[in-house]
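Undergrad: dropping a prediction and its sequence here:
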Amino acid sequence: MMQKDIAIVFDCGATNVRVIAMDKKGLIIASHAMGNDTDEDPNYPGGRIWDLDKLWNKL
């Protein structure tokens with residue numbers, strides 16, 4: 001099997017999370033994205049938070 005040098009990029013935005021694999025030249029080998037959502041803040045009524053465990057599970 002031929003080995004390649006690749007970089008894995010984790011992008012966590014307010015509306016989407018995405019993971020991209022790219023080669024040394026910046027060409028995308030693979031990518032996947034999912035919607036991101038918030039939960040109610042238990043300490044601030046009406047507030048929203050991003051749950052880090054949920055984010056990492058998506059990534």
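TA: Arrived safely. Numbers count the residues shown, from 1 in each chain.
Undergrad: please report how far the residue positioned nearest the centre of the chain lies from K25.
TA: When the chain is reduced to its mean C-alpha position, the closest residue under C-alpha atoms, centre = their mean turns out to be V17, at 3.3 Å. According to C-beta to C-beta, to the nearest Å, V17 stands 25 Å off from K25. To be clear about C-beta, it is placed using only N, CA and C from the backbone, and glycine gets the same treatment.
Undergrad: show the contacting residues for the residue nearest to the centre of the chain.
TA: Residues near V17 by C-beta atoms under 8 Å, 6 or more residues apart in numbering: F10, D11, A33, M34, N36, L55, K58, L59.
Undergrad: one more time with 10 Å
TA: In this structure, V17 makes contact with 10-11, 32-36, 50, 54-59, judged by C-beta atoms under 10 Å, 6 or more residues apart in numbering.
Undergrad: same thing with M2?
TA: Contacts of M2 by C-beta under 10 Å, 6+ apart: none found.
Undergrad: got it, and W50?
TA: For W50, the residues meeting the contact criterion (C-beta under 10 Å, 6+ apart) are C12, A14, V17, N36, D37, T38, D39.
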